[in-house]
Structures are given as C-alpha cells and as structure tokens.
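1. Fold the following, please.
(one chain, ligands or ions: 1)
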Amino acid sequence: MTHTTDLNQDLLARAKRVIPGGVNSPVRAFNAVGGVPRFVERAQGAYFWDKNGQRFTDYIGSWGPMILGHGHPQVVATVHAAVDEGFSYGAPTEREVALAEKILALMPSMDMVRLVSSGTEAGMSALRLARGFTGRNKIVKFNGCYHGHADALLVKAGSGLATFGSSSSAGVPADVVKDTIVLEYNDVAQLEEAFAKMGSEIACVIMEPIAGNMNFVRASVEFTRRIRELTQEHGALMIYDEVMTGFRVALGSAQSLYAQQIEGFQPDITVMGKVIGGGMPLAAFGGRREIMEKLSPLGGVYQAGTLSGNPIATACGLKTLELISAPGFHAELHLKTGQLMQGLKAEADAAGIPFSVDWQGGLFGFFFLPELPTHYPQVMTTDQARFNKFFHGMLQQGEYFAPALYEAGFMSAAHSQDDIDRTLEAARAVFKTL
Ligand code: PMP
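-> Reported below is the predicted structural model:
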C-alpha cells in the first residue's frame with residue numbers, strides 16, 4: 001500500500017479490500033458528494049476527530065442517536081456500570097421493563113412496546129404485525145421515505161438508494177414487492193384514489209411524519225389527517241415511523257406535534273430507533289394493546305431477537321431518555337437549531353443564493369432551492385453540484401454536515417453558541433465561492 005499523508009485515504013484503501021466500498025452502510029462512502037470519507041478516531045461532545053487528527057463539528061450525530069452529544073458523562077458512567085454486570089443474557093431483565101415503561105409514559109399512543117436492535121428490524125416487524133393483525137397484504141409507503149431495508153419496503157426508498165439512481169434493490173423478487181404501493185408524499189388526491197381503488201386490501205400506511213430521508217420534508221397537517229381518516233374508514237393501520245423523529249423533534253415525538261393540530265390524533269403503531277438507544281443498537285415498535293398482543297408468544301405473529309433488549313443498550317437508552325426528559329430540553333434544542341438554520345439562510349441570502357430551511361427540535365434541513373419542497377421529486381431538483389461544493393467547503397473548515405443533499409441534519413445538546421457561530425462564519429466564506 002502506498003502511504004500518503006492522508007490517513008483517511010490510506011485507511012479507505014485498506015477498508016476497500018475487505019469491506020464492500022470500505023464502509024458498513026452506503027452513505028458513509030461519500031458516493032453522493034465524492035471525496036474521501038473521514039474515518040473517525042474518537043468523539044466528544046459536539047465534535048469528532050478523524051484519523052488525521054482534524055476536528056469536526058458533528059452535525060450528523062450518528063444519524064440521530066447522539067442527541068446529548070458524544071460521551072455525555074452520565075451516560076458513559078451508566079454504560080460502564082452496565083458493562084460490569086454482563087453483556088447479554090438472553091433472559092429478561094428489569095431494565096427492559098423500565099425502558100418500556102419510560103417509552104410508554106412519553107408516548108400515549110402506545111400501550112405496549114417490543115424492543116429490537118435496529119430501525120430496519122423494527123419497521124420490518126411492524127409491517128408483519130400490521131399484516132397479521134388485519135389479515136391483508138397490501139401496504140402503502142411514500143416516495144422518498146425510508147423505513148429500513150426490509151425487502152417489501154425497498155421500493156423507491158430514499159436514503160442511499162437515491163444516489164444509485166435505482167428505485168429498488170437487486171435481489172428483491174418482484175413477488176415480494178407486488179403488494180407495496182408507493183405514493184407521492186403530501187399528495188392527498190393520490191392517497192384518496194388508492195383507498196378508493198384498494199381500500200379493503202390495504203393492511204397499513206407507513207410514513208415518516210417528518211421525512212428525514214429526503215432531507216427534511218414535513219407531512220402537511222391535511223395529508224396526515226387524511227391518512228388517519230382513510231385508514232380508520234377502511235380498517236387499515238397507520239404506522240408512524242419515528243425512528244428519526246422519535247424523541248428528537250419533541251419529547252413526545254412528531255406525533256405529539258400533529259396531535260396539537262389534529263384532534264385526538266394517534267397512529268396505531270409507532271416505530272422507533274436512534275435516540276432511544278442513545279448510540280447503542282436499540283430500536284422498538286409499539287402500539288395499541290389489541291395489536292401488540294398479536295405478537296408471539298401471545299399471538300401468531302412471530303418476532304424474536306438474540307440481542308433484543310440488550311442490557312447495555314437498554315442502560316444507555318434509559319439514561320438518555322431520562323436526561324432528555326429534563327424540562328425545556330427540546331425547546332432549547334429547537335431554538336439552537338433555529339439559530340443555525342436562520343443563520344445559514346441569512347448568509348445564503350447575503351450571497352444571493354436561493355436557499356430554504358426548516359427545522360424541528362434537533363432535526364433540520366436546508367435546500368439550495370428558493371422554496372421548501374413538499375415531496376421527493378422536488379427535493380431532487382436541488383443543484384447537486386452546488387450542494388457538493390458547499391459540503392466540501394464546509395468539510396474543509398471542519399464542519400461536518402450530511403454527505404448527501406437528501407439527508408437531514410442533526411443538532412445535539414452539546415453544540416454551543418460558539419460552535420454555531422463558527423459554523424456560520426465558515427458558511428459565509430463558502431457561500432461566496434458558490
Ligand atoms: N426508519 C427511518 C425513518 C430511518 O431514518 C432509518 C435509518 N436512517 C430506519 C428506519 C432504519 O433504521 P436502522 O438504520 O437502524 O436500521
């Protein structure tokens with residue numbers, strides 16, 4: 001191997017020999033933006049350091065879990081203590097019960113919850129449960145929403161796949177996706193048409209309440225309301241995928257925000273991940289008791305996991321949820337995220353660059369578009385070259401944003417006013433070069 005002065009480059013070459021693309025999840029490869037991915041050496045607070053020793057302000061936070069920032073001392077102490085008690089038992093623990101109780105206390109739509117290890121697993125299981133509960137096969141998902149890589153959901157999925165310009169994945173038999181109906185996000189007319197045609201065959205509608213896999217696109221209140229009404233009218237379940245939004249956009253997650261605008265609003269099943277594990281492999285799905293009781297060992301819908309409810313992951317998740325339950329936590333995060341977004345918008349305006357921003361709690365999106373998009377095709381009209389130049393300009397100055405224009409951004413409680421000021425100063429310089 002030729003040795004360069006760039007240790008990331010060296011490591012990438014080594015990684016590529018043994019790991020497809022050198023990465024264990026596609027977006028990390030920088031395929032969308034080009035260039036050399038940064039191999040992380042360590043992280044603390046709002047920063048991580050790469051192999052070259054360069055420090056980056058981290059605006060992805062492991063794609064969501066690190067809402068407290070990296071290495072929060074109380075979380076670290078809790079995890080250390082849990083490690084001493086054993087890694088995994090394959091038998092129930094009190095901590096799982098405590099975490100379930102905590103999740104249910106924060107999420108009134110759920111009567112019961114089951115813990116799993118990844119968002120993919122949670123989404124896949126929720127889908128099986130919805131089909132098992134309703135006895136129906138068809139599912140509705142929306143273009144640009146990502147729910148993990150279960151076969152039936154890899155249909156025009158966003159995130160990563162969009163880079164490869166493919167609407168689906170090789171290796172998924174046509175038979176497996178023949179019951180997956182993909183509609184445009186925020187398109188009420190299409191939704192009504194689908195239910196008018198096939199309402200009695202639809203098991204569920206699965207959606208991201210605020211889509212974080214096509215950058216940041218909110219479901220309109222009207223769209224959300226119609227999904228709730230139509231699923232109820234036709235005996236289908238509404239699955240809210242809050243893997244990204246859960247405990248991040250508000251303490252009660254996105255559903256608490258929509259419930260403020262839609263009387264009595266609750267989804268039937270909620271899928272969660274990321275923040276609930278605080279950076280450990282942990283995810284969950286939960287919902288109404290009559291639905292959840294269809295799961296094995298009570299009911300006929302099978303679902304299991306060797307590492308489900310892992311004692312270290314549950315310790316980390318529980319402490320994380322405890323800390324983010326502090327009064328005002330999400331309000332403060334929302335303010336801070338707003339400062340960054342409004343600041344970026346002001347800098348873009350000053351440079352005469354069309355730009356739009358949106359944010360909620362610790363989740364944000366910015367677009368090189370004059371108006372906020374409402375669905376995936378609009379998101380993808382973004383000037384890719386301009387985004388890439390922005391991304392690399394910021395990266396050079398130690399500001400790490402998501403390496404693809406269709407990904408959301410993440411703020412943590414560890415980001416300081418100084419961090420935000422430094423990011424905006426960097427942006428001022430970079431916007432001038434666009
Ligand atoms: N659903 C949503 C909304 C997601 O954003 C993701 C991951 N980004 C998933 C599901 C899949 O979760 P995981 O990567 O943990 O499998």
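
2. Apart from its neighbours in sequence, what residue is nearest the one residue in the stretch 1-150 of the chain that gets nearest to the ligand?
-> Minimum separation of the stretch 1-150 of the chain from the ligand (CB to the nearest ligand atom) falls at G119, amounting to 2.1 Å. (C-beta placed from N, C-alpha, C; glycine too.) Take G119 and drop its neighbours on the chain: the residue closest to it by CB to CB, 6 or more residues apart in numbering is G273, 3.5 Å away.

3. can you list the weak-confidence ranges in the stretch 301-434 of the chain?
-> When residues are selected by pLDDT under 70, none of them lie in the stretch 301-434 of the chain.

4. now the helices for it?
-> With helices called from DSSP state H, counting those that start in this stretch, the stretch 301-434 of the chain shows them at 311-324, 329-350, 376-379, 384-396, 417-433.

5. re earlier: to what extent is the residue of the stretch 1-150 of the chain closest to the ligand buried, counted in neighbours?
-> Using other CB atoms under 10 Å, G119 has 30 other residues around it.

6. wouldn't it be in contact with I276 here?
-> No. Using CB atoms under 8 Å, G119 is not in contact with I276, being 10.0 Å away.

7. Now the common contact residues for the two.
-> Contact criterion CB atoms under 8 Å, 6 or more residues apart in numbering; residues shared by G119 and I276: A283.

8. Where do the domain boundaries of the protein fall?
-> Domain ranges of the chain: 7-63+327-433, 73-324, per automatic domain parsing.

9. how close does the residue of the stretch 1-150 of the chain closest to the ligand sit to G393?
-> Going from G119 to G393 by CB to CB, to the nearest Å gives 31 Å.

10. Other residues contacting the host helix or strand of A189?
-> Assigning secondary structure by DSSP states H and E places A189 in helix 188-198. When contacts are defined by CB under 8 Å, 6+ apart, helix 188-198 is touched by residues 138, 140, 181, 183-184, 202, 222-223, 226-227, 230, 233-234.

11. Just the buried subset of those, please.
-> K138, V140, I181, L183, E184, I202, F223, R226, I227, L230, H234 (16 or more other CB atoms under 10 Å).

12. Compare the helices of the stretch 301-434 of the chain and give me the one nearest the ligand.
-> Nearest to the ligand, of all those, is helix 311-324, at 12.1 Å by CB to the nearest ligand atom.

13. before we move on, the earlier item: can you say which of the domains of the chain is packed in most?
-> Of all the domains of the chain, domain 73-324 has the most neighbours on average by mean count of other CB atoms under 10 Å, namely a mean of 20.

14. give the contact list for the nearest residue to F387 once chain neighbours are set aside.
-> Nearest residue to F387 in three dimensions, chain neighbours excluded: L405, at 4.2 Å (CB to CB, 6+ apart). Residues near L405 by CB under 8 Å, 6+ apart: A32, N215, F367, F368, V379, T382, Q384, F387, N388.

15. separation between the second one and the ligand?
-> To the ligand, N215 is 12 Å away according to CB to the nearest ligand atom, to the nearest Å.

16. For the spatially closest residue to that residue that is not a sequence neighbour, give me its contacts.
-> Distance criterion CB to CB, 6+ apart; nearest residue to N215, sequence neighbours excluded, is G365 at 4.2 Å. The contact partners of G365, by CB under 8 Å, 6+ apart, come to G212, N215, F216, V217, V357, D358, W359, A408, G409.

17. Specify the beta-bridge partners of the last one.
-> Partner residues in beta bridges with G409: F364, with DSSP bridges as the criterion.

18. Can you add pLDDT, secondary structure and distance to the ligand and give the buried ones among the contacts of helix 188-198 back as CSV?
-> Shown next, in CSV, are these (pLDDT from 0 to 100; DSSP: H, G, I helix; E, B strand; the rest coil; distance: CB to the nearest ligand atom, whole Å):
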residue, pLDDT, secondary structure, distance to the ligand
K138, 95, strand, 20
V140, 95, strand, 16
I181, 91, strand, 18
L183, 93, strand, 17
E184, 93, coil, 17
I202, 97, strand, 20
F223, 98, helix, 17
R226, 98, helix, 21
I227, 98, helix, 16
L230, 98, helix, 21
H234, 98, helix, 24
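
19. Export those residues to TSV and append columns for distance to G21.
-> Converted to TSV, the buried ones among the contacts of helix 188-198 look like this (distance: CB to CB, whole Å):
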residue	distance to G21
K138	34
V140	32
I181	31
L183	31
E184	30
I202	37
F223	36
R226	40
I227	36
L230	40
H234	42
